[in-house]
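Peer 1: only geometry, no sequence info:
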């Protein structure tokens with residue numbers, strides 16, 4: 001499989017990922033204007049918990065499916081049936097367990113008034129966990145269009161229901177000229193539910209996705225090869241640690257802020273709301289990384305036996321970094337425009353955006369570097385690196401949140417991903433050397449950060465002058481990249497790699 005084909009599949013995955021994230025992000029102005037920072041903080045805490053539990057529920061079985069499903073010596077149908085049987089059994093057990101444990105979580109975060117929505121969160125996790133392997137089957141089978149269709153259906157349903165319940169229904173009830181609609185709206189809507197409609201909408205969207213993926217289940221037959229399952233679990237369990245560590249790096253700060261904030265839990269919830277809203281301004285990097293992962297994960301395994309596989313991996317990593325740094329500059333140089341995507345009451349947190357953007361670029365680069373331990377079945381190294389990163393995140397958040405608030409969390413995220421990326425690179429070069437253009441990649445990173453710092457130092461008179469100067473800086477950066485990459489890029493476009 002060529003890099004050109006990877007780019008094509010990534011583009012299709014990107015349509016669903018980019019459009020989906022943009023539509024989801026369209027909800028942020030709605031949430032940040034309709035709900036207080038404290039209420040939005042509660043939403044962030046609950047969705048952070050969903051992300052943590054998804055790793056536990058799915059235990060990275062989709063990665064094991066990619067690894068063993070591309071092994072020509074094994075029966076792919078047996079691998080699919082064994083994987084899905086494992087997920088069905090574990091999801092039923094864990095779903096029941098966490099349904100009964102949810103009151104304790106509500107008590108820990110003073111969310112007793114939201115207990116019913118915590119039950120909905122368990123339902124969301126249940127449906128999404130069972131959908132994970134059908135999604136993986138679409139990716140491994142090279143069906144990105146079908147994958148994108150289901151993903152976008154989820155997004156449009158979620159977006160539509162949010163707009164209906166949070167915007168349309170209150171507007172109808174407040175408009176006497178629409179009195180003929182009041183009986184219907186009063187039947188389906190209650191103002192007291194408030195932020196609960198966010199979880200109701202997400203649950204319905206997850207149900208729709210599950211139903212759309214149901215044709216994949218038609219090929220499923222209950223089958224459980226215990227010997228095969230043990231091999232898969234030995235391979236994937238270290239990746240569960242990797243997954244948890246990733247979520248610790250991404251989500252733990254939002255769970256710790258209410259508990260450790262120097263001004264108490266109420267101020268901590270408000271800080272979570274501000275921090276989470278500004279964190280979402282890094283969407284351009286995160287959605288590109290997500291789209292890339294959808295295409296790259298099966299690509300890495302399908303290409304492992306190619307004679308030029310290592311060269312392919314090196315080129316992919318370099319161009320990932322170039323696109324990621326370009327996204328970093330687009331957001332930071334035009335932050336005066338992007339900030340209007342969130343409520344003005346959240347702008348005090350804009351200072352975290354450049355830090356989180358660089359952290360997200362490094363997180364994506366780490367994902368590229370981590371290919372070595374997946375390909376040589378040394379996934380325990382991924383666990384070791386991730387544990388180190390998680391310990392950094394935990395330690396720095398506990399130390400810095402009481403002192404610096406959410407700024408401490410932002411810097412902790414950047415330091416963690418810097419450590420993980422550097423460590424993974426050097427270990428990879430020892431166990432599975434890949435000829436990354438590391439010095440050139442380092443130069444591109446330094447130049448991009450330098451361009452951002454120059455934009456901060458240059459005084460300008462008004463917004464128009466600022467945007468004009470920043471546009472010139474962005475064009476100069478792109479011209480610099482073009483002069484360095486003209487010949488390699490032409491080779492990639494010709495399909496030589």
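Peer 2: Sure thing, it's come through. Since the model is a prediction, treat every value here as computed from it, not as a measurement.

Peer 1: Could you count how many residues lie near the residue lying closest to residue 209 once chain neighbours are set aside?
Peer 2: Distances taken as C-beta to C-beta, 6 or more residues apart in numbering put residue 154 closest to residue 209, at 4.3 Å, once the chain neighbours are dropped. C-betas here are computed from N, CA, C, even on glycine. Number of residues near residue 154 (other C-beta atoms under 10 Å) recorded here: 24.

Peer 1: In three-state terms, label residue 154 for me.
Peer 2: Applying DSSP: H, G, I helix; E, B strand; the rest coil to residue 154 yields a three-state assignment of helix.

Peer 1: Tell me who's in contact with it.
Peer 2: 20, 205-206, 208-209 (C-beta atoms under 8 Å, 6 or more residues apart in numbering).

Peer 1: so of those residues, which ones are in helices?
Peer 2: Secondary structure from DSSP state H places 20, 205-206, 208-209 of the contacts of residue 154 in helices.

Peer 1: Return the item of the residues you listed having minimum pLDDT.
Peer 2: Minimum pLDDT across the ones in helices among the contacts of residue 154 is recorded for residue 20, with 60.

Peer 1: Now do the SS call for residue 240.
Peer 2: From three-state DSSP, the assignment for residue 240 is helix.

Peer 1: from the ones in helices among the contacts of residue 154, which is closest to residue 430?
Peer 2: residue 20 (38.5 Å; C-beta to C-beta).

Peer 1: Run a quick neighbour tally on residue 110.
Peer 2: Neighbours of residue 110 (other C-beta under 10 Å): 13.

Peer 1: Now it: which helix or strand?
Peer 2: In the assignment (DSSP states H and E), residue 110 maps to no helix and no strand.

Peer 1: While we're on it, how confident is the model there?
Peer 2: Residue 110 is given a pLDDT of 74.

Peer 1: how near is it to residue 71?
Peer 2: 49 Å (C-beta to C-beta, to the nearest Å).

Peer 1: Could you list the low-confidence segments of the protein?
Peer 2: The chain contains residues with pLDDT under 70 at 1-26, 109, 261-268, 283-284, 287-288, 290-291, 294-298, 488-489, 491-497.

Peer 1: if you set the cut-off to 50 instead, what comes out?
Peer 2: Residues of the chain meeting the criterion pLDDT under 50: 1-2.

Peer 1: I'd say residue 292 and residue 361 touch.
Peer 2: No: using C-beta atoms under 8 Å, residue 292 makes no contact with residue 361, being 11.7 Å away.

Peer 1: Find residues that contact each of the two.
Peer 2: Counting by C-beta under 8 Å, 6+ apart, nothing touches both residue 292 and residue 361.

Peer 1: so the residue nearest to residue 38 when sequence neighbours are not counted, which of the three states?
Peer 2: Nearest residue to residue 38, sequence neighbours excluded (C-beta to C-beta, 6+ apart): residue 269, at 4.5 Å. When classified by three-state DSSP, residue 269 comes out as helix.

Peer 1: Look up how far residue 277 lies from residue 269.
Peer 2: Residue 269 is 13 Å from residue 277, by C-beta to C-beta.

Peer 1: And for residue 390?
Peer 2: 25 Å.

Peer 1: Of those two, give the one with the bigger neighbour count.
Peer 2: Using other C-beta under 10 Å as the criterion, residue 390 and residue 277 rank with residue 277 on top: 25 against 21.

Peer 1: residue contacts, the more buried one?
Peer 2: 28, 31-32, 40, 342-343, 346, 349.

Peer 1: what's the spacing between it and residue 346?
Peer 2: From residue 277 to residue 346 the distance is 4 Å (C-beta to C-beta).

Peer 1: what residues are shared contacts of those two?
Peer 2: Common neighbours of residue 277 and residue 346 (C-beta under 8 Å, 6+ apart) are residue 32.
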